[in-house]
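Asker: Can you look at this prediction? I've put the sequence above it.
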Amino acid sequence: MENVVLIIHLILALSLIGIVLMQRSEGGGLGMGGGAGGVMSSRAAATALAKITWGLAAAFICTSIALTVIAASNSADSSVLDRLGGTDTPAAEQPADAPAGSDLLPPSTSDAPLVPSAN
């Protein structure tokens, strides 16, 4: 399901880019472009491209929210920190005798290998 929504999301993104690039510049952006009628009236009729742009933008936002919900539901059972530890047991299920974060500590002198001295 996630892959289907992701493919739709990518198609919407590419379509939105294409539709925006096909529209005529209304001016006002950095003082460039546009024509003599640079001021856009509030009663200007929306063109077909503008309506398509709004529809694609709304669909893009919906697929973004859907992808977020799907990703959150897939990762609800585990944490990123659990996956980084390299062990299959979460930190809450470690034995009581092991101190918290013991895998991050350097080895103690009792764990060090015995190396004969060169003296």
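Answerer: Yep, that arrived.
Asker: show me what contacts Val5?
Answerer: Thr63, Ala66, Leu67, Ile70 (C-beta atoms under 8 Å, 6 or more residues apart in numbering). In this view, the C-beta of every residue, glycine as well, is placed from N, C-alpha and C.
Asker: Surely the last one is in contact with Val4?
Answerer: No: assessed by C-beta atoms under 8 Å, Ile70 is found out of contact with Val4, at 10.2 Å.
Asker: higher neighbour count, these two?
Answerer: Ile70 (14 against 8; other C-beta atoms under 10 Å).
Asker: So for that one, what pLDDT did the model give?
Answerer: Looking at Ile70, its pLDDT reads 91.
Asker: how close does it get to Met1?
Answerer: Look at Ile70 and Met1: by C-beta to C-beta, to the nearest Å, they are 7 Å apart.
Asker: Just give me the longest helix of this structure.
Answerer: helix 48-74 (DSSP state H).
Asker: Go through that helix and flag the buried ones.
Answerer: Across helix 48-74, burial judged by 16 or more other C-beta atoms under 10 Å covers Ile52, Thr53, Leu56, Ala59, Phe60, Thr63, Ala66.
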